[in-house]
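> Fold the stuff below for me.
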Amino acid sequence: MISDECRAKQSIELFPWQEIRSLGNLGACVSVFIFLIALSFTPPLFAQANSPAASQDSNSQQNAPANNPPSRVARISFVKGTVSYLRAGLNQWTEASLNFPVTTGDRIYTDRDSRAELQVGSATVRLSDSTDLTMTNLKDQSMQLGLEQGTIRVSVYRLRSGEAVEIDTPNGALTAVQPGSYRVDTALNGGSTLVTVNEGSLEVTGAGISQTVQAGQAVKLTGQNPINVESVPMLEPDDLDRWCEQRDKRLFSSRSGKYVSPDIPGYDDLDDYGSWQDNPDYGPVWFPAGVAVGWVPYRFGHWAWVFPWGWTWVEDEPWGFCPFHFGRWVHIGVAWGWVPGPILVAPMFPVYAPAFVAFLGGPGFSIGFEVGGVGLAAWFPLGPGEPFFPWYHWGGDYLRVVNITNVRNVTNITNITDITDIRNVHYAYKDIGTTAVNRDVFAGGKPVAHSVVSIPREQLAKAQVIPHPAVNPTRSAAMAGRPVSTPTVRSAPLVASNRTNSGATRTSPGAARQPDRTTSPAATSRTEAESREASGLRRSTSPPGLVTRATPPERGLSFNEMNRAMFEHPGRPLEPAQIENLRGGRPVGPMVDREFPAHIAPLPRVAPAPRSHRP
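Numbering: from 1, shown residues only. Below you'll find the predicted structure:
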């Protein structure tokens, strides 16, 4: 069991019944202590770009680090039955697929007799059938959910200082006060919401009310202005409750929890699909079982486009989330193994990355070696101690933090202080781990494994590390799965929001809720897209009709709007200043960030895609 001294350092709140879960032995505590000593020589997490430490670091980006991408995402970790998914910036529903990252503005719907699960790391959200849920906001310090209809159960494992978990419903906003287990049932017509607190406590806020509900209590919320709160008896556990408890038990009893930080989604899946071995050079290493002959990391899956990170790897295997967004891969003998980052203690936590790879290109590769006149996109996995250089906007201390929270030996990472240091990096797996495909496979988000192009050794030797392939995504790459018909969900007009004196936000009184209806995807797409583009309005990511406590973020630009603006610098997501320019109706403007490594040849000018009314 972890020592009392080591546990005291964690300063995080746990379920009472979670105390039995061990985060490691004395050796793990020593590793954490060493890691924290190394960390003390680096600037604070997400320090301001104009701080003294950042100003001395020539890698620091010029834009404000507040615009860094979130350090966490949710992972689709379980799908049963018919589960539909709507990405932010798109209007086409798709099948929900395992391991796809969920972030701000994404929406998920479970049909009859269906279930789904979202793992965030410090919390898990589980959906019953006939449930319409939006990830209203997901940041480092907050998770805001919008429940339009149906039933969810939220397990909150840890709440750091200043962190918030909020569930918005048509009848009130619910904010977790402590770690615990919370069930929320919202009627299909939105007329009432049943709130059950199994563990912990939460606060109900709305028009003129603020009330705390403790463990072992249940309340029924009706109305919206005013909101009525009525105490009701606790109901007996049903199949959903028992399933949620089984899933939590599986998480807490995971053997992999001894080696992996508890804030990494998906570590519990490693138990069933591989084994751990201690290595004198790398520490605990996880080896997947039953993989195909010739299996290589980042080859059996596809590339997806997920803003604000841009190109994001989605692995096919059911266990394929945490080993591809955290830690590093190592080749030992004839097998590939995954080396997790250090087990962290508060206030540090692992930082998610879209893929820990380096891309290849250059005049002797992408131009000199083509197949059928179509250039290649190529990449290889980063090994332990090899630095990761983001191909998306970052600022301040992000470069160091995204690296040192994902490697156990931080010496090589903390010594990376200038772009010239990249020339001294020896990449171990360029020769044996490179995967290459035609650019149309890459751009279209198509499966990689059956489209791999063999590269002659002499051509591979000429390839140079580049920031990213100069390839813009197609709409297919932005989708989570195969297109499906629009599910039967309510649709409401765009409305303004008014602040109430209770601190909650509600929709304006004149905005009537629309009845349930089913519309064809094409009809819905044209109507909503054209009205938004014509009026210049931007919907809040919170579904209309929900009572909110925290102000929801403004909905981002559509996929088409951003994709058209990327033709000057294809393959790299727009920077925050460029996004604001587009929102303000101004030209997108040039890229300001320095890329790592620098482009070794001018980027080809790619004609913008034809304008379309479909976002």
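> alpha carbons only for contacts and neighbour counts from here, please
OK.
> show me the residues around the nearest residue to Gly433 once chain neighbours are set aside that make contact.
In space, and not counting its chain neighbours, Gly433 is closest to Phe380: 5.2 Å by C-alpha to C-alpha, 6 or more residues apart in numbering. Contact partners of Phe380, counting by C-alpha atoms under 8 Å, 6 or more residues apart in numbering, are Tyr298, Val357, Ala358, Phe359, Tyr429, Lys430, Gly433, Thr434, Thr435.
> what do you get for Lys220?
By C-alpha under 8 Å, 6+ apart, the neighbours of Lys220 are Ser192, Thr193, Leu194, Val195, Val229, Glu230, Ser231, Val232.
> distance of it from Gly172?
According to C-alpha to C-alpha, to the nearest Å, Lys220 stands 10 Å off from Gly172.
> got it, and Asn560?
Taken as C-alpha to C-alpha, the span from Asn560 to Gly172 is 35 Å.
> Setting aside sequence neighbours, what's the nearest residue to Thr103?
Nearest non-adjacent residue to Thr103 (C-alpha to C-alpha, 6+ apart): Val73, at 5.6 Å.
> Next: Glu117.
Arg126 is the one closest to Glu117 (C-alpha to C-alpha, 6+ apart), at 4.4 Å.
> Check whether the one you found sits in a helix, strand or coil.
Following DSSP: H, G, I helix; E, B strand; the rest coil, we place Arg126 in the strand state.
> Relative to Leu240, how far out is it?
Taken as C-alpha to C-alpha, the span from Arg126 to Leu240 is 9 Å.
> More neighbours: which of those two?
When neighbours are counted by other C-alpha atoms under 10 Å, Arg126 and Leu240 differ, and Arg126 comes out ahead with 22 against 18.
> who's more crowded, Asn560 and Gly172?
Under the criterion of other C-alpha under 10 Å, the comparison of Asn560 against Gly172 puts Gly172 first, with 33 against 20.
> Could you measure from that one over to Leu133?
15 Å.
> again, but for Leu399
In terms of C-alpha to C-alpha, Leu399 sits 33 Å off from Leu133.
> Could you check which of the two has the larger neighbour count?
Comparing Leu399 with Leu133 by other C-alpha under 10 Å, the one with more neighbours is Leu133, at 26 against 22.
> dump the residue contacts of that one.
Arg107, Ile108, Tyr109, Leu145, Gly146, Leu147, Glu148, Gln149.
> Can you tell me which of those residues has the most neighbours?
Tyr109 (30 neighbours).
> per-residue pLDDT, that residue?
You'll see Tyr109 listed with a pLDDT of 98.
> and if you look at Phe359?
Looking at Phe359, the pLDDT reads 95.
> Repeat that for Glu458.
88.
> check contacts around the residue most central in space within the chain.
By C-alpha atoms, centre = their mean, the chain has its centre lying nearest to Val73, at 2.3 Å. Counting by C-alpha under 8 Å, 6+ apart, Val73 touches Pro101, Val102, Thr103, Val120, Leu138, Tyr352.
> Next, work out how far apart the residue lying closest to the first one once chain neighbours are set aside and Tyr298 are.
Distances taken as C-alpha to C-alpha, 6+ apart place Arg75 nearest to Pro101, at 4.8 Å, with adjacent residues excluded. Going from Arg75 to Tyr298 by C-alpha to C-alpha gives 18 Å.
> By residue count, what's the longest strand in this protein?
strand 142-156 (DSSP state E).
> list the buried ones in the following helix or strand past it?
From strand 142-156 onward toward the C-terminus, using DSSP states H and E, the following helix or strand is strand 164-169. Within strand 164-169, the residues that qualify as buried by neighbour count (16 or more other C-alpha atoms under 10 Å) are Ala164, Val165, Glu166, Ile167, Asp168, Thr169.
> and the last one, bridged to which residues?
The bridge-partner assignment for Thr169, based on DSSP bridges, gives Gly172, Val547.
> gap between it and Gly584?
31 Å.
> Bridge partners for the closest residue to Thr212 other than its chain neighbours, pull those for me.
Nearest non-adjacent residue to Thr212, counting by C-alpha to C-alpha, 6+ apart: Glu203, 4.3 Å away. Beta-bridge pairing of Glu203 under DSSP bridges involves Thr175, Thr212.
> Just to check, Glu203 is in contact with Val213?
Yes - judged on C-alpha atoms under 8 Å, Glu203 makes contact with Val213 at a distance of 6.2 Å.
> what's the nearest residue to Val177 once chain neighbours are set aside in contact with, if anything?
Spatial nearest neighbour of Val177, excluding adjacent residues (C-alpha to C-alpha, 6+ apart): Leu202 at 4.8 Å. Contact analysis of Leu202 by C-alpha under 8 Å, 6+ apart lists Leu174, Thr175, Ala176, Val177, Gln178, Thr212, Val213, Gln214.
> any idea of the pLDDT on Leu202?
97.
> quick one: it from Glu236, how far?
From Leu202 to Glu236 the distance is 20 Å (C-alpha to C-alpha).
> Can you say which of the contacts of Leu202 are buried?
Looks like the contacts of Leu202 have Leu174, Thr175, Ala176, Val177, Gln178, Val213, Gln214 buried, using 16+ other C-alpha under 10 Å.
> how about the nearest residue to the third one, chain neighbours excluded?
The one in question is Ala176. Nearest to Ala176 is Leu202, by C-alpha to C-alpha, 6+ apart, at 4.3 Å.
> how much space between the one you found and Thr551?
Distance from Leu202 to Thr551, by C-alpha to C-alpha: 18 Å.
> part of a helix, is Ala346?
No - per three-state DSSP, Ala346 lies outside any helix segment and is coil.
> Now do it: how many residues are near it, please.
Other residues close to Ala346 by other C-alpha under 10 Å number 11.
> just for the chain, where's the confidence low?
Scanning the chain for pLDDT under 70 picks out the ranges 1-66, 364, 366-374, 410-424, 490-544, 599-615.
> and the most far-flung residue of it relative to its centre, what helix or strand is that in?
Going by C-alpha atoms, centre = their mean, the residue of the chain most distant from its centre is Glu458, 37.8 Å out. Here Glu458 is covered by helix 457-462, with elements defined by DSSP H and E.
> List the buried residues of that helix.
For helix 457-462, a neighbour-count test (16+ other C-alpha under 10 Å) marks Leu460 as buried.
> Could you look up the next helix or strand downstream of it?
strand 464-466.
> can you list contacts of that following strand?
Ala358, Phe359, Leu360, Gly361, Gly362, Phe365, Phe596, Pro597, Ala598, His599, Ile600.
> now those: which count as buried?
Of those, these count as buried by 16+ other C-alpha under 10 Å: Ala358, Phe359, Leu360, Gly361, Gly362, Phe365, Phe596, Pro597.
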